[in-house]
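K.L.:
based on what follows, work out the 3D shape:
(one chain, ligands or ions: 1)
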Amino acid sequence: MSGISSALISAMIATILAVPALAQAPVQPPALPPSAQPPSGQPPSGQPPSTQQPSAQPPSAQPSPPPFATIKVEGTDNVYIFRYGGHQSMFVVTPQGVIATDPIAYLRPQAAKTYIEEIQKITKAPIRYVIYSHHHYDHIAGGKPFKDLGARFVAHKNARARLAALKYPDVVIPDQTVDQKTTLRLGGTALELIYVGRNHSDNSLVMRLPKEKIIFTVDFIPIQTLQFRNIPDNASPIELEESLKKVLALDWERMIPGHPYAGGRLGTKKDVEDHLAYLQELSAEVKKAADAGKCIDAAMREIKLPKYESWANYGQFLPMNIERYCYWWGRGF
Ligand SMILES: [Zn+2]
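P.N.:
Okay, here's the model as predicted:
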């Protein structure tokens with residue numbers, strides 16, 4: 001625990017929640033634990049510096065982190081993480097072009113411009129693909145600059161259907177869709193796009209690099225962090241648990257997440273097992289409370305899971321995570 005105060009975290013979350021447009025879609029908060037440190041060693045930020053409140057920073061706080069950073073994943077030749085504010089995206093560079101993922105430019109067009117500039121510092125090869133992790137705007141809005149460069153957009157079929165219905169003006173509609181699984185091949189790199197069922201959305205893709213044994217997953221497996229608010233946009237929290245089991249059954253060693261959790265480190269299978277255990281323990285506690293007639297409000301007040309109190313967002317989101325399971329065990333939906 002160092003570097004950034006809970007007051008600052010609260011201020012950042014308050015800033016995000018105060019943006020009216022963000023409230024219209026399920027979005028991820030900064031989700032940074034108090035101990036979070038991005039790879040640069042600087043304190044984290046859920047927002048670009050322009051929206052930070054310097055007055056919320058205690059005198060001992062470290063300087064603001066850079067608004068963005070690009071790092072090559074250790075031990076790989078061509079796998080990179082681009083972070084802008086509190087969001088992250090993976091990209092893969094090959095001699096035949098670049099496979100980019102989430103534009104992460106919702107309400108901040110500069111993020112997509114910077115993302116492209118960062119790629120072009122590494123390679124002059126064209127950006128051939130943009131893959132959406134899932135359809136939530138905070139990860140995939142703002143992709144037009146990639147489209148203008150000729151990139152082909154790929155997403156799960158449910159993402160395209162949802163986006164076509166929503167017609168949000170700053171979202172590029174996918175050109176190509178995935179059902180259960182597709183393997184993209186470009187310049188000697190294979191990237192699998194795998195659907196593991198409904199979880200945090202009905203269209204989350206796990207992106208797996210089989211040679212590097214790396215996966216990129218967004219929002220549905222927070223590392224040492226609770227689920228977002230009342231776990232919106234899932235049909236059943238049990239399906240969410242099932243999708244984590246499917247991720248565990250895949251062959252991989254390191255997981256790049258869509259937000260810099262737990263100090264900005266990569267995730268491991270142990271992190272997925274831990275998150276699944278959290279959900280299962282929460283589910284069991286809430287089921288008992290539901291059977292005792294305590295759902296919804298009494299359960300939200302009374303249930304505690306002290307084992308997880310060091311996880312990010314425990315104080316803020318535990319009652320809401322309970323609420324989601326209360327609907328399930330106490331109401332059947
Ligand atoms: Zn999301």
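
K.L.:
let me see the ranges of the helices in the stretch 101-250 of the chain.
P.N.:
110-122, 137-140, 144-148, 157-166, 237-249 (DSSP state H, counting those that start in this stretch).

K.L.:
in the fourth one, what's buried?
P.N.:
By neighbour count with 16 or more other C-beta atoms under 10 Å, helix 157-166 contains the buried residues 157, 158, 159, 160, 161, 162, 163. Bear in mind the C-beta positions are built from the backbone N, C-alpha and C, glycine included.

K.L.:
report the inter-axis angle for the helix ranked longest in the chain versus helix 237-249.
P.N.:
Secondary structure of the chain per DSSP state H: the longest helix is helix 269-291. Orientation check (axes from the mean of the first three to the mean of the last three C-alpha atoms, to 10 degrees): helix 269-291 against helix 237-249 gives 160 degrees.

K.L.:
I'd like the next helix or strand past helix 269-291.
P.N.:
helix 297-302 (DSSP states H and E).

K.L.:
ok, residues contacting that following helix?
P.N.:
Helix 297-302 is contacted by residues 286, 289, 290, 294, 319, 320, 322, 323, 326, 330 when judged by C-beta atoms under 8 Å, 6 or more residues apart in numbering.

K.L.:
could I get that helix in CSV with only the CA atoms?
P.N.:
Listed next in CSV are the C-alpha coordinates belonging to helix 297-302 (Å, rounded to 0.1, in the frame of the first residue of the first chain):
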residue,chain,number,x,y,z
ASP,A,297,-30.7,-5.3,1.2
ALA,A,298,-29.9,-7.1,4.4
ALA,A,299,-27.6,-9.4,2.6
MET,A,300,-25.9,-6.4,0.9
ARG,A,301,-25.2,-4.9,4.4
GLU,A,302,-24.3,-8.1,6.3
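
K.L.:
what residues sit buried inside it?
P.N.:
Result for helix 297-302 [16+ other C-beta under 10 Å]: buried residues 299, 300.

K.L.:
where's it relative to the chain centroid, distance-wise?
P.N.:
Centroid displacement of helix 297-302 relative to its chain, using C-alpha atoms, centre = their mean, to the nearest Å, is 28 Å.

K.L.:
what's the angle between the helix or strand just after it and helix 237-249?
P.N.:
Reading on from helix 297-302 to the C-terminus, the next helix or strand found by DSSP H and E is helix 314-331. Interaxial angle, helix 314-331 versus helix 237-249 (the same axes, to 10 degrees): 120 degrees.

K.L.:
just the CA trace of helix 314-331, in PDB.
P.N.:
The C-alpha trace of helix 314-331 is given here as PDB (Å, rounded to 0.1, in the frame of the first residue of the first chain):
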ATOM      1  CA  TYR A 314     -13.700  -4.400  -1.900                       C
ATOM      2  CA  GLY A 315     -15.300  -1.600   0.100                       C
ATOM      3  CA  GLN A 316     -17.100   0.000  -2.800                       C
ATOM      4  CA  PHE A 317     -18.200  -3.000  -4.900                       C
ATOM      5  CA  LEU A 318     -18.800  -5.900  -2.500                       C
ATOM      6  CA  PRO A 319     -22.400  -4.900  -1.700                       C
ATOM      7  CA  MET A 320     -23.100  -4.500  -5.400                       C
ATOM      8  CA  ASN A 321     -21.500  -7.900  -6.200                       C
ATOM      9  CA  ILE A 322     -23.700  -9.300  -3.500                       C
ATOM     10  CA  GLU A 323     -26.700  -7.600  -5.100                       C
ATOM     11  CA  ARG A 324     -26.100  -9.500  -8.400                       C
ATOM     12  CA  TYR A 325     -26.000 -12.900  -6.700                       C
ATOM     13  CA  CYS A 326     -29.100 -11.900  -4.600                       C
ATOM     14  CA  TYR A 327     -31.100 -11.400  -7.800                       C
ATOM     15  CA  TRP A 328     -29.900 -14.800  -8.900                       C
ATOM     16  CA  TRP A 329     -30.400 -16.900  -5.700                       C
ATOM     17  CA  GLY A 330     -33.300 -14.800  -4.300                       C
ATOM     18  CA  ARG A 331     -35.300 -14.000  -7.400                       C
END
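
K.L.:
thank you kindly, that will do.
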